[in-house]
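1. I would like to see how this sequence folds:
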Amino acid sequence: MLRNTAMSTDHAVVLFDVGAGQAKGSREFQQDRCTIIRPEQFPCKTNEKLAFFAIYDGHGSGLVAEHASKRLHNLLSKRPEFEKEDYVAAIKGALADEDALLLESFKNDSTEPAISGSTAAICLVNLTRGELVVSNLGDSHVIMAERDPKTDRPYHIRRLTEAHKPETPGERRRIEAAGGEVTIRNGIARLGDLQYKTPVNEVQDTGNMPQERHLSSSSSAVRGDFVSNKPFTSQRTLKPDGRYLLVIVSDGVSDRTDDVALIQHVMKLAMRGMRASEIAQEIATNSTRSTKSDNASCIVAMLDGQRS
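-> The predicted model follows:
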């Protein structure tokens with residue numbers, strides 16, 4: 001397998017290769033965005049070697065996904081929690097900061113952030129210490145597998161993210177507590193969609209809420225975020241003698257295949273000598289071959305412990 005060594009082996013984890021691929025599918029426009037920030041590109045000075053990968057799946061337009069793809073990693077690096085190496089809190093804070101910027105844009109520039117939005121699936125890797133932090137809003141996902149040191153075959157395949165679906169009991173309770181009602185499909189955690197968030201939804205007239213969103217307001221005087229910007233976030237340590245594969249995908253990919261089949265196909269292509277960017281592009285392209293296909297985006301990253 002060809003590899004592009006991005007780090008020397010004096011760090012806990014080596015980023016050998018990473019790349020992204022996208023396909024528009026049958027949609028008129030590509031509304032997804034991908035961000036790959038290698039250690040030498042990370043937007044702040046630090047003694048730690050950090051990498052950042054993210055997919056933003058836009059809807060309504062690509063405005064919110066584009067905005068987040070250019071700003072979120074910078075917002076992350078400026079958070080006070082980031083300086084304290086509390087990456088979980090820093091990501092949560094950065095997502096809130098991004099929504100605040102979108103609100104300012106709504107107030108001063110354009111109404112578009114109120115009617116468009118984006119999911120987010122994020123990986124922050126501290127290569128120096130071998131720490132991985134994963135966070136997501138909505139239904140874009142991160143799948144991780146370990147790779148056998150001798151054969152490179154994947155095992156221990158698991159999804160590190162959690163889909164935010166309004167029909168789940170916890171999300172339904174949150175929406176109802178905010179003064180909303182779940183009817184068909186609504187309330188998914190996302191950036192943007194400000195018409196469903198405080199303070200914009202406080203001035204929305206119930207009768208003017210877009211019906212295709214299937215969101216309705218209850219008679220409760222309590223109003224809150226129908227759509228949340230609070231992510232599911234987890235943290236784990238990568239072993240110095242382990243080999244890892246990370247695959248980040250929009251729902252245009254994950255809705256077309258299961259995680260095990262996806263990881264096995266990625267590794268089959270890798271063992272043929274394909275680079276991460278080529279693999280990611282093939283995954284995205286294959287996911288959009290059928291009619292009525294969604295935008296598809298994929299990031300593939302290969303990480304090896306220094307003793308592997």
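2. spit out the contact partners of Val300.
-> Going by Cβ atoms under 8 Å, 6 or more residues apart in numbering, Val300 touches 17-20, 245-247, 266, 276-277, 279-280, 283. The way it works is simple: take the backbone N, C-alpha and C, and place the C-beta from them, glycine included.
3. sorry, that was for Arg158
-> Taking Cβ under 8 Å, 6+ apart, one finds 143-145, 259 in contact with Arg158.
4. closest one of these to Ser77?
-> Distance to Ser77, by Cβ to Cβ, is smallest for Met144 among the contacts of Arg158, at 23.7 Å.
5. tell me the SS of the closest one?
-> Following DSSP: H, G, I helix; E, B strand; the rest coil, the label given to Met144 is strand.
6. can I get the contacts of Arg158 in CSV including neighbour count?
-> Below are these laid out as CSV (neighbours: other Cβ atoms under 10 Å):
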residue, neighbour count
Ile143, 24
Met144, 25
Ala145, 22
Asp259, 17
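7. pretty sure Arg232 contacts Asn136?
-> For residue 232 the amino acid is Phe, not Arg. Yes - in this structure, Phe232 is within contact of Asn136 by Cβ atoms under 8 Å, at 5.6 Å.
8. neighbour count: the two, which is higher?
-> More crowded of Phe232 and Asn136, by other Cβ atoms under 10 Å: Asn136, with 27 against 15.
9. what are the buried residues along stretch 22-42?
-> Across stretch 22-42, burial judged by 16 or more other Cβ atoms under 10 Å covers 22-25, 27, 30-37, 39, 42.
10. widest-spaced pair of the residues you listed?
-> Arg27 and Pro39 (33.7 Å).
11. can you add pLDDT and distance to His67 and give the contacts of Arg158 back as a markdown table?
-> Formatted as a markdown table, the contacts of Arg158 follow (pLDDT from 0 to 100; distance: Cβ to Cβ, whole Å):
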| residue | pLDDT | distance to His67 |
| --- | --- | --- |
| Ile143 | 98 | 26 |
| Met144 | 98 | 28 |
| Ala145 | 98 | 32 |
| Asp259 | 97 | 29 |
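12. closest one to Glu66 out of these, please.
-> Once Cβ to Cβ is applied, the member of those that ends up nearest Glu66 is Ile143, at 24.7 Å.
13. list the contacts of the closest one.
-> The contact partners of Ile143, by Cβ under 8 Å, 6+ apart, come to 157-160, 246-249, 259, 262-263.
14. all strands for the stretch 101-250 of the chain, in order.
-> All strands of the stretch 101-250 of the chain, identified by DSSP state E, counting those that start in this stretch, fall at 117-118, 120-126, 131-137, 141-147, 154-159, 180-182, 191-192, 215-217, 232-237, 243-249.
15. export those as CSV, with columns for distance to Pro80.
-> Below are these laid out as CSV (distance: least, Cβ to Cβ, whole Å):
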stretch, distance to Pro80
strand 117-118, 25
strand 120-126, 16
strand 131-137, 17
strand 141-147, 26
strand 154-159, 31
strand 180-182, 32
strand 191-192, 21
strand 215-217, 35
strand 232-237, 17
strand 243-249, 27
